[in-house]
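1. Starting from these lines, generate the structure:
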Amino acid sequence: MYSLSSLYFTSIVLVIFLAFFGGSYALEVFGIQYVSEGGSALYKIHLYSYVSLGVSLIYFLRSGLSKTSRDLGKLFKPWFFFLLSIVYLIMYGLVKFGTSGMAYVVDTLLVPVLIFPVLFTLSFKQIQNLAKMLFLLLCLNSGVAIYEYGAGIQVFPFEYEEHWVYFRSTAFLSHPLNNALIVSFLAIFLYQQRFINPVVLFLLVSLALFCFGARTATFFFIILSLFELFRFYKQRYQKNNGLGYREFLVIKLVILLGSAVIFYAVFYLNFGQRIFENIALDGSARSRLDVFNIFQYLSFSEYIFGATSEIFENLSLYIDNAVVENFVIGWFLFYGILGSLPIILCFYRFVFALFIAGGQAEKFAILAFALISISNNSLASKTPALLFLLVSFAASVRFNDRMVGR
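-> Take a look at the predicted model:
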């Protein structure tokens, strides 16, 4: 008999599969107008959202909030208030904009939060399989990114409202910054699973980040990874009264060979050209600071209810960039204090609750998400970043049988 747990697991696997392989660039290449103007309204909401909403509905009808509260423990209140703030944002958006922009809220925010409790109903074996799937997808995406950069082609060559001076890989997760955000925290979550030597995974993802040309993500990923890898091997050393000779030799060889490969790729094959040639404060970096200048051009009503279309249409006149590369400021400009304050406060309360609830490895991964996401506008557009964060968090704490306060 097909159990409810099997239904949940199959649905979550399908959701991850669709979110990964059905990136916005891939959909546009295949003629589905997911992010571009026009097309059917049904296509504006991703297929993974329809599947997620269906399985979440079944879960809540069968379990209710009482079981959710028991499963999530101390995470329940932050999770529930974040969910309420998303519902409030949807209602606020419907009043102000109509249905315009609602697909973004559903795909990026609502669906990940709804499916989060379902993950805690899975068996340990299902969680193991989920973690393995995330690992394989991470390696595949990183490998494709490296291939794209080396070959000078993109698997899904779609450019949307943006042209890059330097070639940047897009792999399966569309925009380079979106790729960089997701692979960074995923790798840190997965170090402890030991599907492969953690140092090998670190080197693979580091090289992929150079291909994405994501400077901030690369910096935070390397720093946080070094802390996590040091903690990981220190713990193993203490537990085993030292590392075995074979393991120590493998780590040493991997570091030496991996460093040589990365050095050759970066300095002789021009991987990471954008990072090294723009390591100073260039236009993109300045725009992250200049974005605060836009506040002086807002009227009182725009502070309260959000900026007018005139502000967004002439954004480059105010900040020398057509995009606000900070999702929190993007939310504020779009929804105003009235619409954005609840979602911002509840979002960070929930992220902080995840940080507190997780172990050391989860803390480094959550920190990577928080620091990298604030440096770009990925969360201000349609992205499965929050979906992957919550799935990987649940898989990590369940895989290691730990969650503080549960």
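2. End to end on stretch 107-123, go ahead and measure it.
-> Chord length of stretch 107-123, first to last residue, is 26 Å (C-alpha to C-alpha, to the nearest Å).
3. Repeat that for stretch 300-311.
-> 14 Å.
4. Tell me which residues of that stretch come out buried.
-> 302, 305-307, 311 (16 or more other C-beta atoms under 10 Å). (C-beta placed from N, C-alpha, C; glycine too.)
5. Identify the farthest-apart pair in those.
-> F305 and I311 (12.2 Å; C-beta to C-beta).
6. can you give me the strands for the protein?
-> Applying DSSP state E to the chain gives no strands.
7. Point out where it drops to low pLDDT.
-> Scanning the chain for pLDDT under 70 picks out 1-2, 158-165, 236-292, 314-323, 400-406.
8. Kindly recompute the last result at 50.
-> By pLDDT under 50, the low-scoring segments of the chain are 1, 161, 274-275, 279-282, 404-405.
9. Would you tell me which helix is longest in it?
-> helix 327-357 (DSSP state H).
10. what helices or strands is that helix leaning on?
-> helix 76-97, helix 300-305, helix 360-373 (3 or more C-beta pairs under 8 Å, 6 or more residues apart in numbering; DSSP states H and E).
11. how does it look with 10 Å?
-> Other helices and strands packing on helix 327-357, by 3 or more C-beta pairs under 10 Å, 6 or more residues apart in numbering; DSSP states H and E, are helix 76-97, helix 111-115, helix 300-305, helix 309-313, helix 360-373, helix 385-399.
12. Please, where are all the helices along the stretch 201-350 of the chain?
-> Counting by DSSP state H, counting those that start in this stretch, the stretch 201-350 of the chain has helices at residues 215-239, 245-268, 273-277, 283-290, 300-305, 309-313, 315-319, 327-357.
13. What separation do you get for the closest residue to F76 other than its chain neighbours and L110?
-> Excluding its sequence neighbours, the residue lying closest to F76 (C-beta to C-beta, 6 or more residues apart in numbering) is S69, at 4.5 Å. Noted for S69: a distance of 20 Å to L110, by C-beta to C-beta, to the nearest Å.
14. Which positions in stretch 25-33 come out as buried?
-> 25-28, 32.
15. I should have written stretch 348-360 there, sorry.
-> For stretch 348-360, by 16+ other C-beta under 10 Å, it's 350-351, 353-355, 357-358.
16. so N376 sits right up against G213, yeah?
-> No: the pair N376 / G213 is not scored as a contact, 11.7 Å apart, by C-beta atoms under 10 Å.
17. what's near enough to touch L389?
-> 112, 116, 181-182, 185-186, 189, 351, 354, 365-366, 368-370, 373 (C-beta atoms under 10 Å, 6 or more residues apart in numbering).
18. Going by distance to R62, which of the residues you listed wins?
-> For the contacts of L389, the nearest to R62 is F116 (16.1 Å; C-beta to C-beta).
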